[in-house]
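> quick one: sequence and predicted model below, then my questions.
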Amino acid sequence: MYMNILLILVILLTILTCFRLMKVFDLAAKLRGKEPYEITESENNMNALLVLFSLVGLAGMFFFLNHKYYHPATLLPNASKHGIEVDKLLHVNFVVISIAFLLCQVALMWFAYKYRYNKKRRASHFAHSTKLELVWTILPAVVLVFLIGKGLIVWNLQMWPKNDPNKLTIEIYSKQFEWSARFAGDDKTLGEANFTMISEKPENNNPLGVITPETIDRQLAQCKDELKEIDSLLKYSFPNAKKYKELKTSRRRKKFQIQRVIEFKNQVADKKYTSGYDDVVRKDTIHIPKDRTIELLIRSQDVIHAAYFPHFRVQMYSVPGVQTRFTFVPIVTTADMRVKLGTPNFDYLLLCNNICGSAHFSMQMTIVVDEPEDWKKWMDKQTTFGAALAPKTPDKKDTNTVATDTNKVDSNATANK
């Protein structure tokens, strides 16, 4: 606290000192018989020279910073097929911007020096120059058409790629402050999902809202129980005005949720909702195969996030109520990238690149790129959503163990008798 007060006092004293110095300069000018705002020709020439010298300093700083911080080798290494073109576009953009920046700064500072005030010089005026206007209109237009056109070509190839029957579809699901992933199974189709089906209760664990006949029945039973609880609180808890309003809102939302779940139940006969049985849901590390088209379908449960895979040159917003998508092909496995970087602990990451709350910085997921055969082995070990829905039964081995232990107890009891 004392340090803050001291800092404020120092700032105020500095401002007061500057103000008093300005007053001193004004008085000194009046003593010399001049007005404070008058500038001599020598002062004007000195200012013009300083502007010219500042160009040298600016150019030196520009080239130094470019040499130190901007170099293809210092960027995150690319690990996707389309990232090669993205990096090329980035370098071309930097070159164009650098040339435009240097030309503008040189012209600006040279004009400030060359056309500094001079009593003997008289300014000339012209209102129109067709050639000059054509140059500064056509030249930037040609450059921008090239940059934007090339960028649109690369973008369209990722947004609307050629149909690949071997593509792997993965749903990326975001919520504060974690990512979840859902892989399409053998049918290569993700099961339908809806936010009204989301439940994270142990007896009805469905964090992504996947729709199957079993999840519909469980969600409907859970919602009805929750509605009864809300009605009970409204009737017997004597809530205050604020709590009463919140309970009424919860009751209205719960009724809407029940209505939506009933609609899904009525559609079971036609839609079947069986595509989700072979889906695989993961909440931690996920594996993807090298050299295979990966189609990302991105959803959000709460606020706007941004799915950002820096090494794959992938970023797409995750928006509540809207499914966004992106397609890419990984070309470097995690093992190869570790060797390339000389970092044994390196991992590809999925990050959130849109500030979404207090724990935004910790919202990440590890991505492992495998050779296709290694990925297949990993995938075969995963539990499908349908298998997770099935009621757990004791293993045959466990049953035998229990029977053996029971026989031991009976034998010991008989021996004691």
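Right, received. Where do you want to start? Numbers count the residues shown, from 1 in each chain.
> and residue 105, how many neighbours does it have?
15 (other Cβ atoms under 10 Å). Glycine gets a C-beta too; all of them are placed from N, C-alpha and C.
> quick one: distance of the host helix or strand of residue 23 to the chain centre.
Secondary structure from DSSP states H and E places residue 23 in helix 2-31. With Cα atoms, centre = their mean, to the nearest Å as the basis, helix 2-31 stands 46 Å off its chain's centre.
> contacting residues for the residue nearest to residue 293 when sequence neighbours are not counted?
Leaving aside its chain neighbours, residue 293 sits nearest to residue 167 (4.0 Å; criterion: Cβ to Cβ, 6 or more residues apart in numbering). Residue 167 makes contact with 188, 292-295, 327, according to Cβ atoms under 8 Å, 6 or more residues apart in numbering.
> the same query, at a cut-off of 10 Å, please.
161, 184, 188, 292-295, 327, 329 (Cβ atoms under 10 Å, 6 or more residues apart in numbering).
> out of those, which are inside strands?
294-295, 327 (DSSP state E).
> which one (most neighbours) among these?
Most surrounded of those: other Cβ under 10 Å gives residue 294, at 20 neighbours.
> what about that residue, distance to residue 184?
11 Å (Cβ to Cβ, to the nearest Å).
> repeat that for residue 235.
46 Å.
> picking up where we left off before, tell me the mean pLDDT for the helix holding residue 23?
Across helix 2-31, the average pLDDT comes to 84.
> cool, stretch 250-270 as well?
Averaged across stretch 250-270, pLDDT comes to 92.
> may I see the buried residues of that stretch?
Neighbour counts over stretch 250-270 (16 or more other Cβ atoms under 10 Å) mark 250-251, 254, 257-258, 260-261, 264-265 as buried.
> just the CA trace of that stretch, in PDB.
Written as PDB, here are the backbone C-alpha positions of stretch 250-270 (Å, rounded to 0.1, in the frame of the first residue of the first chain):
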ATOM      1  CA  SER A 250     -35.300 -23.900 -13.600                       C
ATOM      2  CA  ARG A 251     -38.800 -25.500 -13.700                       C
ATOM      3  CA  ARG A 252     -39.600 -23.900 -17.100                       C
ATOM      4  CA  ARG A 253     -36.200 -25.000 -18.600                       C
ATOM      5  CA  LYS A 254     -36.600 -28.500 -17.200                       C
ATOM      6  CA  LYS A 255     -40.000 -28.800 -18.800                       C
ATOM      7  CA  PHE A 256     -38.600 -27.700 -22.100                       C
ATOM      8  CA  GLN A 257     -35.800 -30.300 -21.800                       C
ATOM      9  CA  ILE A 258     -38.300 -33.000 -21.100                       C
ATOM     10  CA  GLN A 259     -40.300 -32.000 -24.100                       C
ATOM     11  CA  ARG A 260     -37.200 -32.200 -26.400                       C
ATOM     12  CA  VAL A 261     -36.200 -35.600 -25.000                       C
ATOM     13  CA  ILE A 262     -39.800 -36.900 -25.600                       C
ATOM     14  CA  GLU A 263     -39.400 -35.700 -29.200                       C
ATOM     15  CA  PHE A 264     -36.300 -37.800 -29.600                       C
ATOM     16  CA  LYS A 265     -38.100 -40.800 -28.000                       C
ATOM     17  CA  ASN A 266     -40.900 -40.400 -30.500                       C
ATOM     18  CA  GLN A 267     -38.400 -40.500 -33.400                       C
ATOM     19  CA  VAL A 268     -36.600 -43.700 -32.300                       C
ATOM     20  CA  ALA A 269     -38.800 -45.900 -34.600                       C
ATOM     21  CA  ASP A 270     -37.700 -43.900 -37.700                       C
END
